[in-house]
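[1] Okay, here's the prediction I keep looking at, along with the sequence it came from:
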2 protein chains.
Amino acid sequence: MNFSKTTSYSLNILSYMANHSDENLSADFLYSQLGIPYQYLRQVLTNLSKNGFINSSRGRKGGFELARDASTIFIADIIELTEGLEGFNKCVLGFETCPFDNKCAIHDLWDESRNNILKILKETSLANLIIKQK
Amino acid sequence: MNFSKTTSYSLNILSYMANHSDENLSADFLYSQLGIPYQYLRQVLTNLSKNGFINSSRGRKGGFELARDASTIFIADIIELTEGLEGFNKCVLGFETCPFDNKCAIHDLWDESRNNILKILKETSLANLIIKQK
DNA sequence: ATTAAATGCTATATAGAGGTATCATTTTAT
DNA sequence: ATAAAATGATACCTCTATATAGCATTTAAT
């Protein structure tokens, strides 16, 4: 019951970038700042780049930076990329058709709480993270 | 962002048993009722048995049944066994010490929602599942 | 007693997430 | 031009959750 490491890594990278916008950040530098294994960090960065969250520039002085304004990148978007949001639409008991007539006893309570979380994820942008932090 | 299959399997098995208390259920029969791979089902049953959730009887006419009253077995107890509840005490961004001064921007909102879920898990017993179903 | 039906136990296979290593390519500084 | 510093791409390793298989042991029915 947790987000994957890849999701955590991605969120951390992007948060860091949002806090250092207009700076070109190399994988080496990010490695020194975040506690992410170097080679895996590289892969995650590639993934974020290929999917339009960040831009990359090659060669000396190359690096990465946010591709869009931090206010337009929502946490849910990132999670959607890294592990999908399907988990938020599933029965607690783990079956598409819940054995209890497609609606087990805690379905309602569960859905309410889970929808709260989903709402947070969809409404909170990287910019929100920065602003609220300060 | 989901419970493990082992957790789902365990919840399903125990829910089923709560709905069929006083019946001795064999692995073969449970296999026919629940969609759980047979050999893995056996392992999960052994795990539940070793940890006091169910009793087993060997030999012909052997099988499994709840070890305690359904009202005393809470969903959180089961999850604690199968995958632990540590995930509910972690920072969204996945770090013990959140980069944002140990309290990132969505920490509060997040904790509230997550605590709601945890509360549900701790307060809902197998008996509640049956009762509410009817 | 013997057999059938059940669990107990344990070894092994498989798939995917996470992590490591290396070479190719691009760009900048000299 | 050349070397250094960066990303691009890709192959492979490792660990764990999940799944499979089979033998050992127990119990009940005959």
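    Received it, and whenever you're ready, just let me know what you need.

[2] Every contact and neighbour count from this point should use C-alpha atoms.
    Will do.

[3] ok, now how distant is A:Ser113 from B:Ser113?
    6 Å (CA to CA, to the nearest Å).

[4] Now do the helix or strand containing A:Ile117 against helix B:107-123, angle only.
    Using DSSP states H and E, A:Ile117 sits within helix A:107-123. With axes from the mean of the first three to the mean of the last three CA atoms, to 10 degrees applied, the angle from helix A:107-123 to helix B:107-123 works out at 160 degrees.

[5] Stretch A:46-61 near DNA strand D at all?
    Yes - with CA under 7 Å from any atom of the strand as the measure, stretch A:46-61 is seen reaching DNA strand D through A:Thr46, A:Ser49, A:Ser56, A:Ser57, A:Arg58, A:Gly59, A:Arg60, A:Lys61.

[6] Regarding the last one, what is its secondary structure?
    It stands for A:Lys61. Here A:Lys61 takes the coil state, with states given by DSSP: H, G, I helix; E, B strand; the rest coil.

[7] cool, the third one as well?
    Following three-state DSSP, the label given to A:Ser56 is strand.

[8] Relative to A:Asn115, how far out is the spatially most central residue of chain A?
    With distances taken as CA atoms, centre = their mean, A:Ile78 lies nearest the centre of chain A, 3.4 Å away. Noted for A:Ile78: a distance of 17 Å to A:Asn115, by CA to CA.

[9] so where do the helices sit in chain A?
    Secondary structure of chain A, counting by DSSP state H: helices at A:5-19, A:27-33, A:38-50, A:75-82, A:107-123, A:126-133.

[10] and the first one with helix A:75-82, angle?
    In this case it means helix A:5-19. Using the same axes, to 10 degrees: helix A:5-19 against helix A:75-82 is 140 degrees.

[11] Buried by neighbour count: which residues of helix A:5-19 qualify?
    Going by neighbour count (16 or more other CA atoms under 10 Å in any protein chain shown), the buried part of helix A:5-19 is A:6-19.

[12] same for chain B: which of those are within range?
    A:Ser8, A:Tyr9, A:Leu11, A:Asn12 (CA under 8 Å from any CA of the partner chain).

[13] Show the pLDDT at the residue of chain A found nearest DNA strand C.
    Closest approach between chain A and DNA strand C, counting by CA to the nearest atom of the strand: A:Gly59, at 3.0 Å. pLDDT, A:Gly59: 95.

[14] Tell me how far A:Glu80 lies from A:Ser10.
    11 Å.

[15] same question but for A:Thr82, I mixed them up
    On the measure of CA to CA, A:Thr82 and A:Ser10 end up 8 Å apart.

[16] what do you get for A:Gly84?
    Relative to A:Ser10, and taking CA to CA, A:Gly84 is found at 13 Å.

[17] ok, now A:Ser56?
    15 Å.

[18] ok, now A:Ser32?
    When distance is defined by CA to CA, A:Ser32 is 16 Å away from A:Ser10.

[19] Give the burial count for the closest residue to A:Leu126 other than its chain neighbours, as a bare number.
    Of all residues not flanking A:Leu126 in the chain, A:Ala70 sits nearest, at 5.1 Å (CA to CA, 6 or more residues apart in numbering or on different chains). The tally of other residues near A:Ala70 (other CA atoms under 10 Å in any protein chain shown) stands at 21.

[20] what do you get for A:Lys122?
    A:Lys122, neighbours per other CA under 10 Å, totals 16.

[21] Per-residue pLDDT of the residue nearest to it when sequence neighbours are not counted, please?
    Nearest residue to A:Lys122 in three dimensions, chain neighbours excluded: A:Ala76, at 4.9 Å (CA to CA, 6+ apart). We have a pLDDT of 96 for A:Ala76.

[22] Quick check: pLDDT value at the nearest residue to A:Asn19 once chain neighbours are set aside.
    In this structure, A:Asn19 finds its nearest non-sequential neighbour in A:Ile130, 6.3 Å apart by CA to CA, 6+ apart. For A:Ile130, the model assigns a pLDDT of 73.
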